[in-house]
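**Q** A predicted structure for the sequence below; I have some questions about it.
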Amino acid sequence: MIEVRNLNKSFGEKQVLKDFSFVFEKGKANLIIGESGTGKSVLIKCMVGLIIPESGEVLYDGEDFIHMSWDKQKDIRKKIGMLFQGAALFDSMTVEENVMFALSMFTEMPLSEKRDRVQLCLERVNLPNVLKLFPAELSGGMKKRVAIARAIALKPKYLFCDEPNSGLDPKTSILIDELIKEITVEYDMTTVVITHDMNSVLEIGDKIAYLHKGVKLWEGTKQEILRTPQKELSEFVYATKFLQQFRDRLEKE
Amino acid sequence: MDPMRLLYHVGRYWLMLSQVFRKPEKASIFWNRVFFEINAIGIGSLGVVAIISIFMGAVITIQAAFGFESPWIPLYAVGVAARDSIVLEFAPTIVSLILAGKVGSSIASEIGNMRVSEQIDALDVMGVNSASFLILPKIVASVFIFPFMVVISMFLGHLGGFVLGVAAGVVTPYEFVYGIQYDFRPYNVFYALTKSLFFGFIIPSVSAYHGYYTKGGSLEVGQASTRAVVYSIIVLLLFNFILTQMLLG
């Protein structure tokens, strides 16, 4: 479980996060949704320690991550897997080396065992035959799947996904969503997903927080989100004509 | 440049170095990366160093012969002048300036590209000290390999001066060889190698600094790469002056 308490972050005069609090539950896909530029990425970066907030706490199973020393943070970081928006695979390494990276860095596993683990992770994301390819030789969807394989290589307790569907076609997006949902349950992880894709929200959103101009305006489940009276959220959820028609049908029922 | 801005960069550079000089996560991975960088920085630059050294040695010899065209100056003075120019300045400084362009831009663009594509963030999130992981092997490799490059450059500079100087008819083989041995001071080689150690540190660290703090996209990576070369050269020339004053002044 990850608990965020009263998180504040400003860049110069602009306050990007205002007193954000939320509990990210274990074994669930916890979604942060909101329009572009509302502070979602800043929030996730504060949570993983890439940005230091002005105030507030991020508690990983009760341990305050932000105010820890680097060495103590390292122990928690080893339990974090992260899927970046652009996959962030290491260009100079093959797929095998990318997935093996954390295993080589933090474990004393023999090479054969590491290779087995890499193979297993790649099979888990349905990419068993790309070991020797470089990231530049992969499609966007394949890169995301390799990034997921890299993220789960060390069997993490926490998984962060920054817009996992950005730049992907609808079919591949669904595949990635399903994968995130499945591995969340499989590894019993606390998964945090940032998205503005309503398909993802309805597909995997166990627990959802809506961020608007740096403020959490709403939290609930995917069932509740469809019937929300909250004005800004409603405009966000029913932004597309297709969903507007769906809402009209819901209202008639 | 605004003095406050300069101070900001100097401070941030030292903060980066404090991150860089931390115990590597895993020794075996660190040494693998050092050997990789020795190959990339050293062996990869050997060709350009060799070509430049040979021709610069030849040009220095011809220029010395041209300047010493006097019955009062013995011909072996050409060898003496060529040797001192090569050992004191050309091999350590000019070769380092050339490497600042080649190696510096490559380091800044590699690290800058990693920064803008979130690869450095990925390392940090994993719990890897990205500054140390990426930059320390480059500094260690560079400090190790630069003196060897300078020695190679000295040798090839003399060889170029000898072969092409003789071929051009400006000096005889005997006079040139006598000249490069005449009043030889081993301290000059020590001075050159000491400079090369400093330059081997300055080039990768200053270049890596510009790459590591790149913000934006590919345009900014290009700008960081250019800045890396410019500032590496400026710092290198500044330290060339300071070290020369300290060691020879």
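**A** Noted; the coordinates are in hand.

**Q** can you tell me the helix or strand for residue 176?
**A** By default, I'm working from chain A. Here residue A:176, judged by DSSP states H and E, is contained in helix A:170-186.

**Q** please go with chain B instead
**A** Here residue B:176 is assigned to helix B:173-181, by DSSP H and E.

**Q** what kind of secondary structure is the residue most central in space within chain B in?
**A** Among the residues of chain B, the smallest C-alpha distance to the mean C-alpha position (Cα atoms, centre = their mean) belongs to residue B:96, namely 2.5 Å. Taking DSSP: H, G, I helix; E, B strand; the rest coil as the rule, one finds residue B:96 in the helix state.

**Q** pretty sure residue A:50 sits against residue B:122.
**A** No - with contacts defined as Cβ atoms under 8 Å, residue A:50 does not count as touching residue B:122, sitting 10.0 Å away. Any C-beta I mention is one placed from the backbone N, CA and C, and that applies to glycine too.

**Q** more neighbours: which of those two?
**A** Just comparing residue A:50 and residue B:122: by other Cβ atoms under 10 Å in any protein chain shown the higher neighbour count belongs to residue B:122, 25 against 17.

**Q** quick check: buried residues in stretch A:182-194?
**A** Judged by neighbour count using 16 or more other Cβ atoms under 10 Å in any protein chain shown, the buried positions of stretch A:182-194 are A:183, A:184, A:187, A:189, A:190, A:191, A:192, A:193, A:194.

**Q** excluding chain neighbours, give the residue nearest to the fourth one in space.
**A** Excluding the flanking residues, the one nearest residue A:189 by Cβ to Cβ, 6 or more residues apart in numbering or on different chains is residue A:159, at 4.9 Å.

**Q** how far off helix A:170-186 does the helix or strand that the one you found is a member of point, in degrees?
**A** Secondary structure here is read from DSSP H and E; on that basis residue A:159 sits in strand A:158-162. Between strand A:158-162 and helix A:170-186, the angle formed by their directions is 160 degrees, by axes from the mean of the first three to the mean of the last three Cα atoms, to 10 degrees.

**Q** contacts for strand A:158-162 next, please.
**A** Applying Cβ atoms under 8 Å, 6 or more residues apart in numbering or on different chains, the contact partners of strand A:158-162 are A:2, A:41, A:44, A:47-48, A:60, A:79-85, A:151-152, A:180, A:183-184, A:187, A:189-195, B:125.

**Q** can you list the domains in chain A?
**A** A:1-79+A:156-227, A:94-155 (automatic domain parsing).

**Q** in a markdown table, list those along with mean pLDDT.
**A** Written out in a markdown table, the entries for these read as follows (pLDDT from 0 to 100):
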| stretch | mean pLDDT |
| --- | --- |
| domain A:1-79+A:156-227 | 90 |
| domain A:94-155 | 92 |
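
**Q** and of these, who's closest to residue B:67?
**A** Residue B:67 sits nearest to domain A:94-155 of all these, at 53.5 Å, using Cβ to Cβ.

**Q** tell me the contacts of the residue in chain B that chain A sits nearest to?
**A** Among the residues of chain B, residue B:127 lies closest to chain A, at 3.3 Å counting by Cβ to the nearest Cβ. In this structure, residue B:127 makes contact with A:73, A:74, A:75, A:76, A:77, A:78, A:80, A:106, judged by Cβ under 8 Å, 6+ apart.
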